[in-house]
Every structure is written in C-alpha cells, then in structure tokens.
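>>> quick one: sequence plus predicted model below, questions after.
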Amino acid sequence: LDRTSTAELSGWFTVTSPVFRDGLDLPTRYGCTTYSGGTGQTPPLRWSGTPAGTRSFAIVMDDPDAETGAYVHWVIGGIDGTTQLLGEGARLNNTVEGLNTSEKVGYSPPCPPKGERHRYRFTIYALNTEAPFRSGASLQDSLDAIADHTVGRGRITGYFGNEQSP
C-alpha cells in the first residue's frame, strides 16, 4: 500500500482550539512542568467537516523539530466517530493509546530543550473503522494501522518554548 497516495486522497477537515490559533504559541500551561506554569495537560481541540463514513478518530501529536527527527508525543485511537471536541486534559472512555517515541503509553507534553522553540502538530485522523490498534501497540504498528484506515484528517500546529535562553 502506497501511504503517500492514500494521504493525498484523504480529505482535510478543520481543527481549531479555544486556547491557541494555528501557527501561534501554545499557552505555557500546556507545556511540561519543567517550564514555569506548565501543567502537562492536553489542550482542548475541536474539529468539524469530517468525512461521511467516519467510524472513529485517532490523534497523533508530534514535534517535527526534535533533534532526532519527528518525535511522537501521543497516539490515541478509538475516539467515537461522533465526537467533535476534546476537552482540556481529556480522559476519554473506551480509547486506546499506543506507545510514543519514548516507548511510553499516554500523553507526553511539549518540553523542548531550554532556548529552543519547537512546533507541535496535533493531527486528527478520521478512520473508517473502530480503534485499529490495541493499547500499548508499538509506534510503527499504530501509525501503520491509522494510515491504513484514514478517510480524512485535520491538523492544528502550535509553537512552544523560548527562542533564547533566559
């Protein structure tokens, strides 16, 4: 299966957040606790315009500016296909979470090295199936399963960190 063509075909839908605008800074409270005021909570997200036939959603949050290449902070699937809102610090029922780049299950908040400012992409995938991977699935397995079932996607990107050291 050629993933690039699959991704090209999938429709894009709108993702917004009540706390930050696409391409601008995430509020400090959504960063890791190493940063003053950071709580490590997930920011609230909203989406609309998802394709017909959506059975569930998956969310992948990654940092494309990490030194080692795109660092995946969070992989969650099994979000009900009628959902259009993820609240702050969301704990959703009946969802599954795969391993992130650190090989941990769950959300790892933005935490760039001091003096660096990174992009954090929250990509929401509309899927044509229920959760396509199990809790604790390897990062590659969950990303492959998401890619195989994507019928649409949306993304919002926020920046986090400080460009110069204090």
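Cool, got the structure.
>>> could you measure from the closest residue to residue 158 other than its chain neighbours over to residue 46?
Nearest-residue entry for residue 158: residue 26, 3.7 Å, with adjacent residues in sequence omitted and distances by CB to CB, 6 or more residues apart in numbering. For every residue, glycine as well, the C-beta is placed using N, CA and C. Using CB to CB, to the nearest Å, residue 26 is found at 15 Å from residue 46.
>>> for those two, indicate the residue with more neighbours.
residue 26 (22 against 16; other CB atoms under 10 Å).
>>> report the separation between the more buried one and residue 137.
27 Å.
>>> torsion angles phi and psi at the closest residue to residue 87 other than its chain neighbours?
Counting by CB to CB, 6+ apart, residue 87 lies nearest to residue 44, which is 5.5 Å off, once chain neighbours are set aside. Main-chain torsions, residue 44, degrees, to the nearest 10: phi -70, psi 140.
>>> number of nearby residues for residue 44?
Applying other CB under 10 Å, we find 17 residues neighbouring residue 44.
>>> can you check the one 4 residues further on too?
Counted with other CB under 10 Å, the burial measure for residue 48 works out to 11 neighbours.
>>> surely residue 155 meets residue 14?
No - counting by CB atoms under 8 Å, residue 155 does not reach residue 14; the two are 9.7 Å apart.
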